[in-house]
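Asker: quick one, what's the 3D model for this:
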Amino acid sequence: MGTLRELASEPSKRKQLIEDALHVVDAEVGDKGGLGGMAIKAAYAMTKGLAPGMLHKILDNLANDFLDALEPFYQQAKQQGVDLRSYLATKSADAANALLSITDQRAANESGGTLKKGYEKLRPTAQKHVEQAVPRLADLISRFAG
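Answerer: This next block holds a predicted model:
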């Protein structure tokens, strides 16, 4: 078996990965409550409304970097003989940091605009939200790699 990125190089598997990732994002956003949740839902709806298929393109564009960031966690779980969800339950902050370092770098390279402003507004609470998404993310990667 290859790396997660290598698995994602097969077109039909990659397409399914991106579709499943969109479902994970939809579910995570849908679960958000309170004022912060309202802001996240509004930003998400705005992003979805900017252009049909934009989120699919964004996830497809980020997928290789995200898979590379998760690869060490995936390999460690395999080496320890535990499922990825259990392993990441103890490493959710580290996994979130690995993923957010990618989006932070991408945002830093943007020249402004609506998406960058939205990201900057939501970034202070992103760590918490990405950590909360780790169980679903682990399930997604496990299905994908299985």
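
Asker: C-alpha only now, for contacts and for neighbours.
Answerer: Fine.

Asker: so which elements touch the helix ranked longest in the chain?
Answerer: Longest among the helix segments of the chain by residue count, using DSSP state H, is helix 54-80. Judged by 3 or more C-alpha pairs under 8 Å, 6 or more residues apart in numbering; DSSP states H and E, the packing partners of helix 54-80 are helix 4-7, helix 11-31, helix 34-50, helix 84-89, helix 92-109.

Asker: let me have those in JSON lines, extended by mean pLDDT.
Answerer: Conversion of those to JSON lines gives the following (pLDDT from 0 to 100):
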{"stretch": "helix 4-7", "mean pLDDT": "93"}
{"stretch": "helix 11-31", "mean pLDDT": "95"}
{"stretch": "helix 34-50", "mean pLDDT": "84"}
{"stretch": "helix 84-89", "mean pLDDT": "95"}
{"stretch": "helix 92-109", "mean pLDDT": "93"}
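
Asker: quick one: closest of those helices to residue 64.
Answerer: Of all the helices and strands packed on helix 54-80, the one in closest proximity to residue 64, counting by C-alpha to C-alpha, is helix 4-7 (5.7 Å).

Asker: buried set for that closest one?
Answerer: For helix 4-7, the neighbour count (16 or more other C-alpha atoms under 10 Å) marks 4-5, 7 as buried.

Asker: and the contacts of that helix?
Answerer: Contacting residues not belonging to helix 4-7 are listed as 13-14, 64, 67-68, 71, 145 [C-alpha atoms under 8 Å, 6 or more residues apart in numbering].
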